[in-house]
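**Q** generate a structure from the sequence data that follows.
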Amino acid sequence: MGKRRKAFTKEFKENADNHWQDSGKTADEIAEALGIPNGKYFTRWKHQMQQKGADTFPGHGKLLGKDAEIAQLRKELKNTQQERDILKKRCAFSQNFKLK
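**A** Next up, the predicted model:
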């Protein structure tokens with residue numbers, strides 16, 4: 001069986017990043033102390049926190065903020081387009097039926 005990826009909570013990531021910034025140690029030293037595979041995780045987490053702010057690390061495929069709103073709007077648009085297509089087909093069928 002394959003290895004299972006270790007999951008870290010949002011709070012753990014934030015605390016680990018803060019600990020790394022406050023200490024004078026390297027990312028690899030902090031990673032080893034906290035049980036993180038390597039120090040590259042810190043730079044990735046820090047970059048994500050800088051870009052997304054409060055919406056960082058939603059976890060398990062959850063969307064936050066504008067991403068969630070966009071996903072909801074896309075879903076509504078798809079449903080509306082399906083309803084429109086059904087009505088178009090029904091209207092076309094009704095017109096063909098009346099002409100004969």
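**Q** so where's this protein shaky on pLDDT?
**A** For the chain, the stretches flagged by pLDDT under 70 are 1-2, 5, 54-55, 57-62, 64, 97-100.
**Q** so which residues of it form strands?
**A** Assigned by DSSP state E, the chain shows no strands.
**Q** outline the domain layout of it.
**A** As assigned by automatic domain parsing, the chain contains the domains 8-57, 60-100.
**Q** let's have those domains in TSV, adding mean neighbour count.
**A** In short, each C-beta sits where N, CA and C put it, glycine included. Shown next, in TSV, are the domains of the chain (neighbours: other CB atoms under 10 Å):
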stretch	mean neighbour count
domain 8-57	14
domain 60-100	10
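**Q** quick one, helices of this structure?
**A** 10-22, 27-34, 40-52, 65-99 (DSSP state H).
**Q** with distance to residue 4 as added columns, please give the ones you listed in CSV.
**A** Converted to CSV, the helices of the chain look like this (distance: least, CB to CB, whole Å):
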stretch, distance to residue 4
helix 10-22, 17
helix 27-34, 18
helix 40-52, 16
helix 65-99, 27
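**Q** among those helices, which comes closest to residue 3?
**A** Ranking the helices of the chain by distance to residue 3, with CB to CB as the measure, places helix 40-52 first at 15.9 Å.
**Q** other SSEs contacting the closest one?
**A** Counting contacts by 3 or more CB pairs under 8 Å, 6 or more residues apart in numbering; DSSP states H and E, helix 40-52 packs against helix 10-22, helix 27-34.
**Q** for those helices, which one sits closest to residue 63?
**A** Of the helices and strands packed on helix 40-52, nearest to residue 63 by CB to CB is helix 10-22, at 14.4 Å.
**Q** relative to helix 40-52, how tilted is that closest one?
**A** 100 degrees (axes from the mean of the first three to the mean of the last three CA atoms, to 10 degrees).
**Q** got a list of contacts for helix 10-22?
**A** 8, 27, 30, 34, 36, 42, 45, 46, 49, 56, 57, 59 (CB atoms under 8 Å, 6 or more residues apart in numbering).
**Q** could you rerun that using 7 Å?
**A** Helix 10-22 is contacted from outside by 27, 30, 34, 36, 42, 45, 46, 49, 57, 59, using CB atoms under 7 Å, 6 or more residues apart in numbering.
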